[in-house]
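Peer 1: this one's structure only:
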């Protein structure tokens with residue numbers, strides 16, 4: 001607080017602080033006005049305001065004077081001057097016609113002088129009615145007014161003559177003031193003659209002129225002289241002297257100010273209301289007993305407990321503590337050393353030494369804080385030391401570890417993990433202990449295993465699912481294998497690994513997908529795996545079981561047998577030689593499909609009952625083999641090729657060739673298939 005008050009006092013130009021703020025540059029400059037004062041044209045009874053700026057600001061030898069038509073102006077009830085912080089101001093209130101003329105501001109210091117001038121013109125009012133406004137019946141009243149005015153002018157002349165030949169006299173004396181720091185101080189007195197234009201009043205504090213500012217104000221008007229100090233400090237105490245002088249002489253009067261400072265430390269009892277005196281006396285008695293205990297004998301310093309080594313992560317606090325004896329040795333010194341150099345205590349390093357308890361706190365650590373810390377206790381009889389190591393693990397530039405504080409029961413990471421579990425699985429086996437922690441050794445561990453799938457038919461989907469710890473390990477690698485070989489990723493095989501959930505989805509299975517599937521997880525500390533098998537049964541190419549409802553099955557079978565017997569009869573009756581060359585009565589058509597749809601090529605062929613007829617299908621000139629996806633059919637003159645489902649690689653030209661001993665026929669069509677995106 002005292003420093004702040006000194007700063008304020010320095011800005012206001014009070015006391016010794018102002019002199020201390022002087023710079024060598026300020027002391028070697030002559031006065032210079034930074035701005036000129038403007039000419040004024042005013043009406044009577046208005047305010048005349050002159051303002052300019054002056055440098056140097058803090059020159060104690062600077063003297064500023066104002067002149068009107070070459071005569072020096074003195075401050076009074078109408079005229080006020082200000083010179084503070086480089087601002088020079090003159091204000092003349094209620095101007096009259098006689099105030100017109102030339103105004104000059106002159107600044108003088110020990111290096112030179114400077115001045116600036118302006119012109120002021122005051123116009124007198126013409127709307128003053130000087131004729132009597134009394135009714136004609138009050139003629140005697142007008143005479144009375146004239147008589148009173150004549151007496152007033154005569155009295156003024158007499159007082160002016162008396163005033164010219166009278167020295168200043170203090171009619172009343174100011175009183176001594178006693179106050180507390182922060183309170184206001186007020187001094188006032190009365191002086192004669194009143195209205196002396198040459199009268200000057202000055203105030204001194206301990207024989208030094210008082211500088212007027214925001215705290216200190218003076219008034220000199222109608223014979224009243226006042227000094228006000230808005231708030232006081234201890235340094236304001238002393239003798240205040242008021243000196244009044246004119247051309248006939250001077251008078252002075254002194255008064256004392258006693259400013260009592262407030263206590264910086266409050267030693268009064270701050271006990272809460274209602275505390276009994278007996279309890280207070282009991283506490284004070286214990287304090288006295290402790291003070292009267294015999295002092296233990298001073299001995300060589302010895303650490304009763306040792307400081308312990310610490311391992312922390314960057315940014316975490318570090319704390320070393322120990323106990324030393326003797327506790328009450330006033331000359332016992334404690335020093336801390338880091339790698340042989342004494343520790344500089346500051347905002348990060350805090351030292352505690354109280355009643356034999358010694359502690360060093362590092363509020364937050366950096367890697368350069370690593371090393372050996374030594375605590376040394378020494379007095380006149382000897383010394384003792386204790387030492388420990390500090391290890392600080394540097395954090396990576398990119399934070400990958402869980403930033404949740406230790407001990408928090410429910411972390412945001414765990415909440416996200418639970419949300420993912422609810423989305424992808426029904427049961428959660430992972431716990432908060434399975435979350436990745438860089439300070440713990442956490443090799444891969446499958447918390448749940450994948451389950452085998454044995455009852456699967458062709459074109460059905462398969463899903464393997466398991467849970468893996470630690471969750472969030474940036475070094476974790478997950479791989480899938482089928483029958484010991486890496487599983488190629490594609491549009492049918494989709495893998496997922498996040499928040500501890502590992503999933504393999506097979507969108508639709510074929511018989512060749514049967515086998516043993518293995519999921520292997522590895523990180524820097526080890527590996528773990530889980531296995532499961534898939535068994536997928538192949539669908540038959542031809543449907544041999546009757547598809548007719550039960551009540552129609554017998555009648556339908558009889559009809560089929562009749563048709564087949566007719567066919568066998570016609571074949572037996574006919575010769576083994578073909579009757580005609582093959583001919584497609586309706587060709588196969590082009591198809592444009594999307595991946596996963598079914599392709600169907602169909603044609604009509606004659607003759608329909610040629611036993612020597614052979615049908616072949618080709619894809620881009622290569623013979624097409626029937627399989628789980630590709631089925632062919634030829635009966636009763638119908639030739640059919642079905643591909644279910646189709647993939648983009650099935651696109652191309654398909655050709656059907658019919659051949660017997662008399663010749664051959666060919667029909668051709670194209671298949672276009674657009675693939676699905678691998679990533680949805």
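Peer 2: Looks like it came in fine. It should be emphasised that the depicted structure is a prediction, and the values quoted were computed from it without experimental measurement.

Peer 1: for the chain, what are the low-confidence residue spans?
Peer 2: Residues of the chain that meet the criterion pLDDT under 70 lie in 1-27, 126-165, 263-276, 286-296, 397-426, 540-557, 562-578, 677-680.

Peer 1: where do the helices sit along it?
Peer 2: All helices of the chain, identified by DSSP state H, fall at 2-12, 15-20, 139-164, 277-292, 412-424, 550-573.

Peer 1: need the contact list for the residue nearest to residue 247 when sequence neighbours are not counted.
Peer 2: Closest residue to residue 247 apart from its sequence neighbours, by C-beta to C-beta, 6 or more residues apart in numbering: residue 198 at 5.4 Å. Any C-beta I mention is one placed from the backbone N, CA and C, and that applies to glycine too. Neighbouring residues of residue 198 by C-beta atoms under 8 Å, 6 or more residues apart in numbering: 74, 246, 247.

Peer 1: return the members of those classed as buried.
Peer 2: 74, 246 (16 or more other C-beta atoms under 10 Å).

Peer 1: if I look at the residue nearest to residue 247, how far off is residue 98?
Peer 2: 17 Å (C-beta to C-beta, to the nearest Å).

Peer 1: which of the contacts of residue 198 fall in strands?
Peer 2: Using DSSP state E, the members of the contacts of residue 198 that fall within strands are residue 246.

Peer 1: pick the one among the contacts of residue 198 closest to residue 537.
Peer 2: Using C-beta to C-beta, residue 74 comes nearest to residue 537 of the contacts of residue 198, at 123.1 Å.

Peer 1: contacts only, for that closest one.
Peer 2: 197, 198, 199, 200.

Peer 1: I figured residue 78 hits residue 94, correct?
Peer 2: Yes - between residue 78 and residue 94 there is a contact under C-beta atoms under 8 Å: 6.0 Å.

Peer 1: those two: who's more crowded?
Peer 2: Taking other C-beta atoms under 10 Å, residue 78 and residue 94 do not tie; residue 78 has more neighbours (15 against 12).

Peer 1: contacts only, for the more buried one.
Peer 2: Counting by C-beta under 8 Å, 6+ apart, residue 78 has contacts 92, 93, 94.

Peer 1: burial count for the residue lying closest to the last one once chain neighbours are set aside?
Peer 2: Distances taken as C-beta to C-beta, 6+ apart place residue 45 nearest to residue 94, at 5.1 Å, with adjacent residues excluded. Residue crowding around residue 45 was assessed by other C-beta under 10 Å; the count is 11.

Peer 1: I'd assumed residue 99 was in contact with residue 45.
Peer 2: No - Residue 45 is not in contact with residue 99 according to C-beta under 8 Å; the separation is 10.7 Å.

Peer 1: identify the bridge partners of residue 240.
Peer 2: Per DSSP bridges, the residues bridged to residue 240 are residue 205, residue 255.

Peer 1: could you measure from it over to residue 82?
Peer 2: Distance, residue 240 to residue 82, using C-beta to C-beta: 22 Å.

Peer 1: again with residue 441
Peer 2: Using C-beta to C-beta, residue 441 is found at 79 Å from residue 82.

Peer 1: and for residue 593?
Peer 2: For residue 593, the distance to residue 82 equals 98 Å [C-beta to C-beta].

Peer 1: out of these two, which sits in the busier spot?
Peer 2: Applying other C-beta under 10 Å to residue 593 and residue 82 shows that residue 593 carries more neighbours, namely 19 against 13.

Peer 1: so the more buried one touches residue 646, yeah?
Peer 2: Yes - here residue 593 reaches residue 646: they are 5.5 Å apart, a contact under C-beta under 8 Å.

Peer 1: overlap of the contact sets of the two?
Peer 2: Counting by C-beta under 8 Å, 6+ apart, the shared contacts of residue 593 and residue 646 are 599, 671, 673.

Peer 1: for PyMOL, write a command that selects the buried ones of those residues.
Peer 2: Filtering the shared contacts of residue 593 and residue 646 down to the buried ones (16+ other C-beta under 10 Å) takes a single PyMOL command:
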select buried, resi 599+671+673
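
Peer 1: now the shared contacts of residue 593 and residue 646 as JSON lines including distance to residue 614?
Peer 2: Shown next, in JSON lines, are those (distance: C-beta to C-beta, whole Å):
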{"residue": "599", "distance to residue 614": "23"}
{"residue": "671", "distance to residue 614": "23"}
{"residue": "673", "distance to residue 614": "28"}
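
Peer 1: going by distance to residue 633, which of the shared contacts of residue 593 and residue 646 wins?
Peer 2: If you rank the shared contacts of residue 593 and residue 646 by distance to residue 633 using C-beta to C-beta, residue 599 comes first, at 13.8 Å.

Peer 1: is it true that the closest one touches residue 592?
Peer 2: No - under the criterion of C-beta under 8 Å, residue 599 makes no contact with residue 592, lying 10.2 Å away.

Peer 1: how far off centre is stretch 248-261?
Peer 2: Relative to the centre of its chain, stretch 248-261 is centred 58 Å away, using C-alpha atoms, centre = their mean, to the nearest Å.

Peer 1: over to stretch 481-498?
Peer 2: Centroid separation for stretch 481-498 versus its chain: 45 Å, with C-alpha atoms, centre = their mean.

Peer 1: if we can go back for a sec, next, the contact list for the residue nearest to residue 94, please.
Peer 2: 94, 95, 96, 125.

Peer 1: filter these to the buried ones?
Peer 2: With burial judged by 16+ other C-beta under 10 Å, the buried subset of the contacts of residue 45 is residue 95.

Peer 1: any chance of the contacts of residue 45 in TSV, plus distance to residue 428?
Peer 2: What follows is the contacts of residue 45, written out as TSV (distance: C-beta to C-beta, whole Å):
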residue	distance to residue 428
94	92
95	93
96	98
125	98
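
Peer 1: from the contacts of residue 45, which is closest to residue 305?
Peer 2: residue 94 (84.3 Å).

Peer 1: so what's residue 187 bridging to?
Peer 2: residue 227.

Peer 1: where's it relative to residue 174, distance?
Peer 2: On the measure of C-beta to C-beta, residue 187 and residue 174 end up 4 Å apart.

Peer 1: please apply the same query to residue 199.
Peer 2: Per C-beta to C-beta, residue 199 is found 18 Å from residue 174.

Peer 1: where along the stretch 1-150 of the chain do the strands fall?
Peer 2: 32-33, 40-43, 48-55, 63-68, 71-72, 79-84, 87-92, 101-109, 112-123 (DSSP state E, counting those that start in this stretch).

Peer 1: was I right about residue 634 contacting residue 640?
Peer 2: Yes - using C-beta under 8 Å, residue 634 is in contact with residue 640, at 7.5 Å.

Peer 1: how many other residues sit next to residue 169?
Peer 2: Residue 169 has 12 neighbours, counted by other C-beta under 10 Å.

Peer 1: next up, the contacts around it.
Peer 2: Residue 169 neighbours (C-beta under 8 Å, 6+ apart): 191, 192, 251.

Peer 1: what bridges to the second one?
Peer 2: When bridges are taken as DSSP bridges, the partners of residue 192 come out as residue 169.
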